[in-house]
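Q: Sharing a model that was predicted from the sequence below.
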There are 2 protein chains.
Amino acid sequence: MNDHEVNIGILGLGTVGTGVAKILLTQQELLKTRSTLTFRLKSIAEIDWETKRDLNLDGVQCLTDARRVISDPEIDIVVETIGGTEPAFSFICEALRNRKHVVTANKALIATRGRELFKIAKENGVDLLFEASVGGGIPIIKGLREGLVANKIEKMYGILNGTSNYILTRMHQDELEFDQALKEAQAKGFAEADPTLDVGGGDAAHKLTILASLAASGMVDFNALYVEGITAVTKLDISFAKSFGYTIKLLATYRSLANGLDLRVHPTLIPNSHLLAAVNKELNAIFVKGDFVGDTMFYGPGAGERPTGSAIVSDIVDLSRDLLLKEGEQVSNRVIDPEQSVKVVPISEIYNRFYLRFFTFDKPGVLSKIAGVLGENNISISSMVQLETHGKDNYVPIVLLTHEASEAAMEKALQEIGKFEFVKENYLRLRLFEDLG
Amino acid sequence: MNDHEVNIGILGLGTVGTGVAKILLTQQELLKTRSTLTFRLKSIAEIDWETKRDLNLDGVQCLTDARRVISDPEIDIVVETIGGTEPAFSFICEALRNRKHVVTANKALIATRGRELFKIAKENGVDLLFEASVGGGIPIIKGLREGLVANKIEKMYGILNGTSNYILTRMHQDELEFDQALKEAQAKGFAEADPTLDVGGGDAAHKLTILASLAASGMVDFNALYVEGITAVTKLDISFAKSFGYTIKLLATYRSLANGLDLRVHPTLIPNSHLLAAVNKELNAIFVKGDFVGDTMFYGPGAGERPTGSAIVSDIVDLSRDLLLKEGEQVSNRVIDPEQSVKVVPISEIYNRFYLRFFTFDKPGVLSKIAGVLGENNISISSMVQLETHGKDNYVPIVLLTHEASEAAMEKALQEIGKFEFVKENYLRLRLFEDLG
């Protein structure tokens, strides 16, 4: 670092990399006013220089070999926006070993290989920042790490996947079926051609892993999370949820329990009176309950060139302050201790309220048999709707809301109910939002 | 600063000071894990040591003379939670001149004397932080200053006064009149015995001054803001607003216009579809639109011992990182440049949509005369309701919503309309929320 000039190299000039470049090229004055530092985009490594981009890269080294950025002694900070596992992982490792600070938006990498990466960063006395990996432009990582530093995080609830939230919003507001809403989301660029990672809950689970690791100051094992996507939710379920006063969202849950963390991603019925129920379209929000601050919420765009660029540049400015510190003097307040493991409570030990929807053959005694199985498993019903049949077959929907019950008991009950010949196999179990009160 | 131990002195052990002390005494382990630093509450200066507090102060120096804290060479950070203008102002100045970093929750002081204070801090190479001065526990100052550092702030809308929001929420949800709701708020501890600063808009204006100064990187003159409280809003206005699909909130507005900042605090009709309309009770929220990030919102408790303590301790941890820097090496990214003035556009030059409510004597031609005056002033009506009279007098309410019109024109029109002998003097003009789209 030379006279308060910070040199930055970007790996990958896709959507996110372009956003970062735009900010570094157009907001230089603003950043200087606010930080007293000059940020210089020195080089970009990208394989595809054919694609037209709305960028004036005069004075920026346009390279194809990432290693020329990583090994450049002038570069202070490497921004990784390639995505995916390789070569991103190797590039980040190499940059850290070259004692470059690294900023990334790569949630999958942090969630699944974070332990290794944070260890390498620590060994080399540099930082690896990842504000853009969760909630796009929302400064939630900083909020948790610094803004709420005085708090034990008791609970977090996140709407973390824009694609799923867009689809569910359309299903709610315009009574679309899942497939229609997905197609529309794809047409509008809110969903990938292969939407599995988004609608299957994997992307939200990556983000929850990161938030949980931060809140618990240790690395959470991504594979320990319970993950369920939104593909089984139908227009009918949305309409039942509505009639009970709920909105269905793909919700990431973090609860600090006596015996470990409760970490789950699944479609969840949220009471309409809760602020999270009003987070619509592709937007994200994270509700955080700290033991001192109480209930807070952070809301904003969870993806996109400009919001994600905004988050990455905030990391760059943060790191630049560290660059001025003498070696060994850095006080990181970014601790995800890679040596520290965090206990996750298995889903079977969790208690929830449930939404159950069955299609049953319309004959006498059906309801009492289902209710019987639930009762035997100590699951008590709080609300019930059975509609009259008016389709071409004789199957009618039955919907139940339960009081709090054990997940293990519910699993057992559903297996028994599923064996009844009068119950169609495509039944659905959803969970209700736990009241924050 | 001694071996990564940070020594803290608190001035004033009221609600906020007690919150800070509680956190420093009970969350030491957590803070050490997260920051690698040991925070030690060394001393507290307070005049009243008679009041019982739920605090174990063994090992803490309990003093009555603030100067013993301020002049203690061991103290690294002074926390000012006395409130009010004097002696708080003098104590802060003295602490800064003794080269102590200072953390305060004193919004009135920062808003009205910030220029002097920031200057003294700068001259002495120390920082004056104030996260707790706006939005209580919500990390909005950090969010603006660091999280959104890459953004020009285009617009901000804040629900910044918990007392007013509590009162308006009760008026909305339970059809109370202002006086009833105020009494209830006072009984529940959400309003002071003298509520003028809260319900008159002054407190929100202090906070808006601080947010605007941060966003504009210069000191805004508190007296340049247009400020109007909620005391003139009646149950009837709430019910009319509801019928048009709006919720009335005391809203602080920041808009960056070509010729300066539009800064106002006044009761505002917010469309029910907007997230801000769902911010209820004593809670606060700040909606921020940045040129890169787009729309974000920060939500949480705006006051109280524990949330405010949480905010102050986040400032303490932040400052502690600076303590490790060599003199002259600090890179402040907290710039409110005290030398820099910020232009505020006078309210008369602003355009708004308006809500107008008159009580008029029920006779022919009234409406056409009112509409006539509005038309002559280039104000066009978008919606109108006139109710039938069924009171003991012959006055009926007429409510109009207008399209966008100049504040100057509206002022002129209202003066003309007010002269009609058939219009009662207690008419009301409110403003509509500008669509963020």
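A: Cool, the structure landed. Residues are numbered from 1 along each chain as shown, chains lettered A, B, ... in the order given.
Q: mind listing what's buried in the helix or strand where residue A:256 lies?
A: Using DSSP states H and E, residue A:256 maps to strand A:246-257. Of the residues in strand A:246-257, A:246-256 count as buried by neighbour count, 16 or more other CB atoms under 10 Å in any protein chain shown. C-betas here are computed from N, CA, C, even on glycine.
Q: Going along the chain, name the helices of the stretch 101-250 of chain A.
A: Using DSSP state H, counting those that start in this stretch, the helices of the stretch 101-250 of chain A run over residues A:107-123, A:140-142, A:162-174, A:178-187, A:196-199, A:202-216, A:235-243.
Q: After the helix or strand containing residue A:8, heading C-terminal, what element do we hit next?
A: Using DSSP H and E, the element containing residue A:8 is strand A:5-11. Next in sequence after strand A:5-11, counting helices and strands by DSSP H and E, comes helix A:15-26.
Q: Just list what that next one packs against, helices and strands only.
A: Here helix A:15-26 touches strand A:5-11, strand A:38-45, helix A:305-323, going by 3 or more CB pairs under 8 Å, 6 or more residues apart in numbering or on different chains; DSSP states H and E.
Q: at 10 Å what do you get?
A: strand A:5-11, helix A:28-35, strand A:38-45, strand A:77-80, helix A:305-323 (3 or more CB pairs under 10 Å, 6 or more residues apart in numbering or on different chains; DSSP states H and E).
Q: The next helix or strand after the third one - contacts with which helices or strands?
A: So that's strand A:38-45. Where DSSP H and E defines the elements, the next helix or strand beyond strand A:38-45 is strand A:61-63. Secondary-structure packing of strand A:61-63 (3+ CB pairs under 10 Å, 6+ apart): strand A:5-11, strand A:38-45, helix A:66-70.
Q: most neighbours per residue, which of the ones you listed?
A: strand A:5-11 (a mean of 23; mean count of other CB atoms under 10 Å in any protein chain shown).
Q: gap between stretch A:146-166 and the chain center?
A: Mean-position distance between stretch A:146-166 and its chain equals 9 Å (CA atoms, centre = their mean, to the nearest Å).
Q: Okay, buried residues for it please.
A: A:146-151, A:153-166.
Q: same thing with stretch A:375-387?
A: Those would be A:377, A:379, A:381, for stretch A:375-387 by 16+ other CB under 10 Å.
Q: which one among these gets closest to chain B?
A: residue A:381 (30.4 Å; CB to the nearest CB).
Q: Hmm, the closest one is touching residue A:375, no?
A: Yes - with contact defined as CB atoms under 10 Å, residue A:381 and residue A:375 form a contacting pair (8.5 Å).
Q: Which among the helices and strands packed on helix A:15-26 is found nearest to chain B?
A: Between those, helix A:305-323 lies closest to chain B; by CB to the nearest CB that is 3.7 Å.
Q: Can you add mean pLDDT and distance to residue A:209 and give the helices and strands packed on helix A:15-26 back as a markdown table?
A: Putting those into a markdown table (pLDDT from 0 to 100; distance: least, CB to CB, whole Å) gives the following:
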| stretch | mean pLDDT | distance to residue A:209 |
| --- | --- | --- |
| strand A:5-11 | 96 | 23 |
| helix A:28-35 | 91 | 31 |
| strand A:38-45 | 97 | 28 |
| strand A:77-80 | 98 | 18 |
| helix A:305-323 | 92 | 18 |
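Q: Tally up the residues packed near the residue lying closest to residue A:402 once chain neighbours are set aside, please.
A: In space, and not counting its chain neighbours, residue A:402 is closest to residue A:354: 4.6 Å by CB to CB, 6 or more residues apart in numbering or on different chains. When neighbours are counted by other CB atoms under 10 Å in any protein chain shown, residue A:354 registers 23.
Q: State the distance from residue A:354 to chain B.
A: Counting by CB to the nearest CB, to the nearest Å, the separation of residue A:354 from chain B is 27 Å.
Q: Contacts only, for residue A:349.
A: A:257, A:259-260, A:262, A:406-408 (CB atoms under 10 Å, 6 or more residues apart in numbering or on different chains).
Q: In strands, which of those fall?
A: A:257, A:260, A:262, A:406 (DSSP state E).
Q: Buried subset of those, written for ChimeraX?
A: Here is the ChimeraX command that picks out the buried ones among the ones in strands among the contacts of residue A:349, judged by 16+ other CB under 10 Å:
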select /A:260,262,406
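Q: Pick out the most distant pair among the ones in strands among the contacts of residue A:349.
A: A:260 and A:406 (16.1 Å; CB to CB).
Q: So for stretch A:220-233, what gets flagged as buried?
A: A:220-222, A:224-231, A:233.
Q: hang on, I meant stretch A:77-88
A: Per 16+ other CB under 10 Å, stretch A:77-88 contains these buried residues: A:77-83, A:88.
Q: what does stretch A:100-110 give?
A: Neighbour count says stretch A:100-110 has A:100-110 buried, by 16+ other CB under 10 Å.
Q: Return the residues of the stretch 151-300 of chain A in contact with chain B.
A: Applying CB under 10 Å from any CB of the partner chain, one finds that the stretch 151-300 of chain A approaches chain B through A:151-152, A:214, A:217-218, A:272-275, A:277-280, A:283-285, A:287-300.
Q: so what pLDDT did residue A:89 get?
A: Listed pLDDT for residue A:89 reads 98.
Q: and the contacts of residue A:349 as JSON lines, adding pLDDT and distance to residue A:187?
A: Listed next are these as JSON lines, based on pLDDT from 0 to 100; distance: CB to CB, whole Å:
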{"residue": "A:257", "pLDDT": "96", "distance to residue A:187": "42"}
{"residue": "A:259", "pLDDT": "95", "distance to residue A:187": "46"}
{"residue": "A:260", "pLDDT": "97", "distance to residue A:187": "42"}
{"residue": "A:262", "pLDDT": "97", "distance to residue A:187": "37"}
{"residue": "A:406", "pLDDT": "96", "distance to residue A:187": "42"}
{"residue": "A:407", "pLDDT": "97", "distance to residue A:187": "37"}
{"residue": "A:408", "pLDDT": "98", "distance to residue A:187": "42"}
